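>>> have a look; sequence and predicted model below, questions after that.
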Amino acid sequence: MSNFESDSVSSLHKRWLFTNINPSSEKFSFLISILSLITNVALINFVITPHTLADFLVSFPIIAVVFSVTLVFDYLSLRGTPLNRFSKVLHVSAFANLLWTLTVIGGFISEFIINTNSLNINFVLQGMFMAIGLRIGIFVSVFGASLKRTIPISFIQPLIIFILFSFFYFNHIFYTNFAVYLFGSVILFIGVMWTVVVDRIGRPNFTSAFKILQAFLIAWTENKSDEMEKIAEAKASPKVVNTLIIKFKAEDQKDVSLVLPELHPGPFNPIGGSNLPFDIFKFYSDSAMVMHSISDHSLNIPSKKEVEKYLKSLNQVKHLETGTKCSIPITIIRNDCNCSGFALGKNVIILFSKSPSGMEDIPLEVKTDLENYAQQIGFDQIMIIDAHNSLGVKIEENDIKTLISIGKECLGNLKESAQYEFKIGYANSFQISDQISKDLYNVPDLGKGQFGVLAVSIKNEDYLLCWIDSNNMKNGIREKIALSLASQGFKIIEICTSDTHATSGKRNTKGYYTLGDITCESKIIDVFNSLATHAKKNLSHAKFDIFKTESQVMVMGTDQFDDYSNALEKSFQVTKIFLAITFVVYILMLLFT
């Protein structure tokens, strides 16, 4: 993985946090709006223009009912825009009303701090303009409405509410300080200019930043991938990728396949190849372990159409070798870098982990170096697997050198190792008790492929290769699973995840769930204990076949993520500037009105 690509993806992940700044439900949004209205009416009724409690009890219900009607008006007025949903209308009203209330409160605070001697009605009018400006920005950027359509719609709700305030509490409102209208107009102009500038910020790489935002939100919130996939596919490029398949055949058992696609699951649920491991798992009749290759996000498949194309290509296989012997698996640990491996004839499987400290995806240079070395010492094919079983930061140069070093040491040892006839047994979570399967169904931190265990018995020793269809694992779980299985006499080759992105698009700081975020550790350990027992019961003499496929598919490429990241970073910088200007205008408005 190139440093620049890694930085681009990291930048996108970092900004994901801002998608969580959103009310959790439409009911909560409506509650925020009503509480803001209560606060505004109470301030006007009891502070700005002293009235009685009876006046408040008369005015507020009417204002609340009219406000509710304006919500319906917003929804109908925005009909036909890409993201017009009543829930989102409620969210916008919550933000706008809350901003209005904070502006009124800020005006009162300014009275005590800078003694502006403003007419208190001005605070209410200032809040109205702030709410309108916010509505303009959201209706254009999120809903996808044009400016011509947005501006009048943005005025309606706040203006009606202000007129009601005036009807119940104010006289001669249009004879107040006209400077408020001037500054309010400046705030609205700033909001309009922000929409124009930010929407064009990604040019010439893409014409509209807001179109991408809207496509992303439709995919994320409504599980509709078409628009985002069109954008991703338009910027994708063709690439020939290899897939290595090791198929184990045993007596009275279903064939079991270890599959290593030269692709990366992603980009995020439900776009493109985000559920690729499970798609491959189903292709091999629910009897496969789909491993994470040495690949990065540039090798994401952009659309489901391309996924189907890739799956069809898996039928066009080239047979490389058949054999009945396997080496005894070995493990080398240096610092917190782990390398496990075993050989099958002239082919070798190498697995890397940095658990429990964790790491991001292993860079391509590790794969390139070890492939060259494996060929030099006489192996035909090398399957290099990133176990992806603990969270961590971008891998450092010293660790890269360590992985290469222990990888070469492991390859050298395996080349000199004797090979023996072997038995295999396989079990996955679909084959065990119904209750366990039900407990695992639709768990947010687990992909649909769930759990699998391959038992390999050599010279009366039982070795386990464990697999989970998940996006990584919480740190330390791997060690607990291994300890539990070792207590039953099993030796662990490795515990791998598929790095599925089907569990992404979640409301947390990472944007996805790792295994263990939702599913309790004891349940995970119990499942593996049960699968290991089942796999051991199924042990029988086996042989292997090695296959390879070449597939031409569209992949997203590095440039696409760079373009998104650059546009996003520029958008944040420009937004900061506009917010700073708005704040200065607001302070000046307090001083001069």
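Structure received. Numbering: from 1, shown residues only.
>>> pull out the buried positions in stretch 543-563.
Buried residues in stretch 543-563, counting neighbours by 16 or more other Cβ atoms under 10 Å, are found at 543-547, 549, 551, 553-563. Every residue, glycine included, has its C-beta placed from N, CA and C.
>>> do the same with stretch 156-164
If you call a residue buried by 16+ other Cβ under 10 Å, then stretch 156-164 has these buried ones: 157-158, 160-162, 164.
>>> who are the packing partners of the biggest strand by length in the chain?
Using DSSP state E to define each element, the chain has its longest strand at strand 540-555. Helices and strands touching strand 540-555, by 3 or more Cβ pairs under 8 Å, 6 or more residues apart in numbering; DSSP states H and E, are strand 237-250, helix 304-313, strand 318-323, strand 423-428.
>>> inside helices: which ones of the buried residues of stretch 156-164?
Restricting the buried residues of stretch 156-164 to those inside helices, with DSSP state H as the criterion, leaves 157-158, 160-162, 164.
>>> can you add pLDDT and give these back as a markdown table?
Conversion of those to a markdown table gives the following (pLDDT from 0 to 100):
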| residue | pLDDT |
| --- | --- |
| Gln157 | 96 |
| Pro158 | 96 |
| Ile160 | 95 |
| Ile161 | 95 |
| Phe162 | 92 |
| Leu164 | 92 |
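>>> tell me the one of these nearest Ala250?
The nearest member of those to Ala250, counting by Cβ to Cβ, is Gln157 at 68.3 Å.
>>> could you check the pLDDT of the closest residue to that closest one other than its chain neighbours?
Here the nearest residue to Gln157 in space, its sequence neighbours aside, is Thr70; by Cβ to Cβ, 6 or more residues apart in numbering that works out to 4.1 Å. In the predicted model, Thr70 carries a pLDDT score of 96.
>>> quick one: Thr70 from Arg203, how far?
To Arg203, Thr70 is 36 Å away according to Cβ to Cβ, to the nearest Å.
>>> those two - which one has more neighbours?
Using other Cβ atoms under 10 Å, the more surrounded residue of Thr70 and Arg203 is Thr70, with 18 against 11.
>>> ok, that one - contacts?
With Cβ atoms under 8 Å, 6 or more residues apart in numbering as the criterion, the residues that contact Thr70 are 156-157, 160-161.
>>> what sits up against the host helix or strand of Lys230?
Element membership for Lys230 (DSSP states H and E) is helix 226-234. Contacts of helix 226-234 from elsewhere in the structure, counted by Cβ under 8 Å, 6+ apart, are 82, 206, 211-212, 214-216, 218-219, 267, 271-272, 302-306, 554, 556, 560.
>>> which of the residues you listed fall in strands?
Met554.
>>> which among the contacts of helix 226-234 end up buried?
Taking 16+ other Cβ under 10 Å as the criterion, what is buried in those is 82, 206, 211-212, 214-216, 218-219, 267, 271-272, 302-304, 306, 554, 556, 560.
>>> elements contacting the longest helix seen in the chain?
Among the elements of the chain assigned as helix by DSSP H, the one spanning the most residues is helix 557-592. Helices and strands touching helix 557-592, as assessed by 3+ Cβ pairs under 8 Å, 6+ apart, comprise helix 3-15, helix 86-114, helix 120-141, helix 179-199, helix 209-222.
>>> from what I see, Val393 and Met359 are in contact.
Yes - if you go by Cβ atoms under 8 Å, Val393 and Met359 touch, sitting 7.0 Å apart.
>>> next up, the contacts around the spatially closest residue to Lys548 that is not a sequence neighbour.
The shortest distance from Lys548 to any residue that is not its chain neighbour, by Cβ to Cβ, 6+ apart, is 5.0 Å, and that residue is Lys318. The contact partners of Lys318, taken as Cβ under 8 Å, 6+ apart, are 547-550.
>>> repeat that with 7 Å
Remark: with contacts taken as Cβ atoms under 7 Å, 6 or more residues apart in numbering, Lys318 is in contact with 547-549.
>>> excluding covalently adjacent residues, which one is nearest to Ile294?
Leaving aside its sequence neighbours, Ile294 is closest to Lys367 (3.8 Å, by Cβ to Cβ, 6+ apart).
>>> quick one: Ala455 from Ile477, how far?
20 Å.
>>> a markdown table for the contacts of Thr70, including distance to Ile406?
Listed next are these as a markdown table, based on distance: Cβ to Cβ, whole Å:
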| residue | distance to Ile406 |
| --- | --- |
| Ile156 | 67 |
| Gln157 | 64 |
| Ile160 | 70 |
| Ile161 | 68 |
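>>> just to revisit the earlier point, of the buried residues of stretch 156-164, which is the nearest to Leu483?
Gln157 (60.0 Å).
>>> thinking again about what came up before, hmm, the residue nearest to Ile294 is touching Ile384, no?
Yes - taking contact to mean Cβ atoms under 7 Å, the distance of 5.3 Å between Lys367 and Ile384 places them in contact.
>>> okay, now Asp469: neighbour count?
27.
>>> quick check: pLDDT value at it.
96.
>>> who's more crowded, Val393 and Met359?
More crowded of Val393 and Met359, by other Cβ under 10 Å: Met359, with 23 against 10.
>>> three-state assignment of the more buried one?
State at Met359, reduced to three classes by DSSP: H, G, I helix; E, B strand; the rest coil: coil.
>>> got the contact list for it?
392, 395, 399.
>>> and it, its phi and psi?
The phi/psi pair for Met359 (degrees, to the nearest 10) reads phi -170, psi 170.
>>> about what we covered before: point out the most buried one among the helices and strands packed on helix 557-592.
With neighbours defined by mean count of other Cβ atoms under 10 Å, none of those is more surrounded on average than helix 120-141, at a mean of 24.
>>> and for it, what are the contacting residues?
Counting contacts by Cβ under 7 Å, 6+ apart, the residues outside helix 120-141 that touch it are 44, 48, 78, 92, 95-97, 99-100, 103-104, 107-108, 145, 147, 150-151, 153-155, 158, 162, 165, 170, 173, 176-177, 180, 184, 187-188, 190-192, 194-195, 210, 213, 589, 593.
>>> 6 Å instead?
Outside helix 120-141, the residues that touch it by Cβ atoms under 6 Å, 6 or more residues apart in numbering are 48, 92, 96, 99-100, 103-104, 107, 145, 150, 154-155, 158, 162, 170, 176-177, 180, 184, 187-188, 191, 194-195, 210, 589, 593.
>>> that's all I had, so thanks and see you.
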